[in-house]
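A.B. asks: the amino acid sequence is not available; the structure is as follows:
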């Protein structure tokens, strides 16, 4: 029941480069799209999030681009650093105004930034 | 504590044993979630509590899985008669408000069933 498809599965980027991770969804009831970052042995932590009424959101080196008509969204990490090496998950919440804000996660992208 | 605390950090169980996993959410957080994360996969939703009420248990894989949050704070996930396919990291998350999109995750309990 994969409702959020994420690619690539893994990504190697040189320090200073741009990391790009893509996600696609099918359920039009999704209305909140967070990205989580997970380091080994740790729980996921919220990185940045976007609502479908905007096409882009930027926080520091992290940018989400959102294409509502294509039902796709992506994470761009500018000036990637070795400390960014982690697993990144896109996620979606169906019916954000409902009683249960359960996150539906993508399968994750393992990012390695080489020094 | 500043964050969500889970215990034990690691649990090894023989097949058929019962296990209990504990979650201490951030104080005052209304919502509490349990997720299961298999190796190399994204977390999968198990169940959701709003205070002490279990409002959604649609993700529990079988009736061997049971969760409770009797006083609206600490929660326990219990797995009866563990099977090898139950081996995973079990993550607990809490959020301050019902309609908050920000979940605060604990570091999980890694369960290995031998």
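C.D. replies: Perfect, I can see it now. Remember, predicted model here, so these are calculated numbers, not experimental data.

A.B. asks: show me the contacts for the residue in chain B sticking out farthest from the centre.
C.D. replies: What lies farthest from the middle of chain B is residue B:114; by Cα atoms, centre = their mean that is 20.4 Å. Residues near residue B:114 by Cβ atoms under 8 Å, 6 or more residues apart in numbering or on different chains: B:12, B:13, B:14, B:15, B:84. C-beta: built from backbone N, CA, C; applies to glycine.

A.B. asks: name the nearest of the residues you listed relative to residue A:11.
C.D. replies: Nearest to residue A:11 among the contacts of residue B:114: residue B:84, at 31.3 Å, using Cβ to Cβ.

A.B. asks: so that closest one makes contact with residue B:15?
C.D. replies: Yes - using Cβ atoms under 8 Å, residue B:84 makes contact with residue B:15 at a distance of 6.3 Å.

A.B. asks: between those two, which contacts overlap?
C.D. replies: In contact with both residue B:84 and residue B:15: B:113, B:114, using Cβ under 8 Å, 6+ apart.

A.B. asks: run the contact check for the helix or strand bottoming out on mean pLDDT in chain A versus chain B.
C.D. replies: The helix or strand of chain A with the poorest confidence is strand A:104-105; it has a mean of 92 (mean pLDDT, DSSP states H and E). Yes - looking at strand A:104-105 against chain B by Cβ under 8 Å from any Cβ of the partner chain, the contacts come from A:104, A:105.

A.B. asks: who does that strand pair with, and is each partner parallel or antiparallel?
C.D. replies: strand A:86-92 (antiparallel) (DSSP bridges).

A.B. asks: rewinding a little: so how far is the least confident helix or strand of chain A off the chain centroid?
C.D. replies: Offset of strand A:104-105 from its chain centre (Cα atoms, centre = their mean, to the nearest Å): 10 Å.

A.B. asks: any idea which helix or strand comes after that strand?
C.D. replies: Beyond strand A:104-105 on the C-terminal side, the first helix or strand identified by DSSP states H and E is strand A:109-114.

A.B. asks: what packs against that next one?
C.D. replies: In terms of contacts (3 or more Cβ pairs under 8 Å, 6 or more residues apart in numbering or on different chains; DSSP states H and E), strand A:109-114 is packed against strand A:10-14, strand A:19-25, strand A:86-92.

A.B. asks: what's the mean pLDDT across stretch B:12-19?
C.D. replies: For stretch B:12-19, mean pLDDT is 98.

A.B. asks: next one: stretch B:67-78
C.D. replies: Stretch B:67-78 comes out at a mean pLDDT of 97.

A.B. asks: list the buried residues of that stretch.
C.D. replies: Neighbour-count burial for stretch B:67-78, counted by 16 or more other Cβ atoms under 10 Å in any protein chain shown, picks out B:67, B:69, B:73, B:75, B:77.
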